[in-house]
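Novice: sharing a model prediction with you, sequence too.
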Amino acid sequence: MPKTLLLPTDRATFALGQWLGERLAVGTVLLLTGDLGAGKTTLTKGIGRGLDIPDEIDSPTFTLINEYDSGRLPLYHVDLYRLAGAESDRLFLESYWEGIEYPPGIVAIEWAERLRYLPPEPLKINLSHHPEAGRQVTLTPASPTQTCLIEALTTDAILADEI
């Protein structure tokens, strides 16, 4: 069952990412959707912090994929904004979530609606602008493990972690 949170600031969006990064299971694929400026990269930066990645997490808009392997788990950050339809097929993204060519980790895919083939059991996260609260984030789990994780998530827990 989806869960929707209202996050008032960029910092709260980052804190949600950090909360997730501290708890996501190895092999989790995040399908991030939302308009430009909705917070997809900010959320992914927080995930990197939650994974103890010391590197600066940058948007891979032009590189398409940024790989970070210096944390507890690898983070594979993908941005499909500049691609259309079949072009994303040429990236062989399944090699990241199948754990065959790359060590298993967390895969965060921005503009995931441009994927033609979805991974099994992705955690879908939609971010949108909210006129009164800043951002609205809807998380849709696809597995029992993700459902348990999302059930434990509250706006108060996220805001309590804000610096």
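Specialist: Structure's in. What do you need? Numbering: from 1, shown residues only.
Novice: residue contacts, Cys153?
Specialist: That one is not Cys; residue 153 is Leu. By Cβ atoms under 8 Å, 6 or more residues apart in numbering, the residues touching Leu153 are Lys3, Leu5, Leu16, Trp19, Leu139. Placement of C-beta: from N, CA and C, glycine included.
Novice: select only the buried ones of those in PyMOL?
Specialist: To isolate the buried ones among the contacts of Leu153 in PyMOL, judged by 16 or more other Cβ atoms under 10 Å, type:
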select buried, resi 5+16+19+139
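Novice: in this structure, where is pLDDT below threshold?
Specialist: Scanning the chain with the threshold set as pLDDT under 70 gives 155-163.
Novice: state which helix of it is the longest.
Specialist: Longest helix in the chain, counting residues (DSSP state H): helix 10-23.
Novice: tally of neighbours for Asp35?
Specialist: By the criterion of other Cβ atoms under 10 Å, Asp35 has 11 neighbours.
Novice: ok, it - contacts?
Specialist: Shown in contact with Asp35 (Cβ under 8 Å, 6+ apart): Ser128, His129.
Novice: hang on, it in a helix?
Specialist: No - according to DSSP: H, G, I helix; E, B strand; the rest coil, Asp35 belongs to no helix; its state is coil.
Novice: I'd like the distance between it and Asn126.
Specialist: Distance, Asp35 to Asn126, using Cβ to Cβ, to the nearest Å: 10 Å.
Novice: now for the contacts of Leu153, which pair is the farthest apart?
Specialist: Pairwise distances across the contacts of Leu153 (Cβ to Cβ) peak at 12.7 Å, for the pair Lys3 and Trp19.
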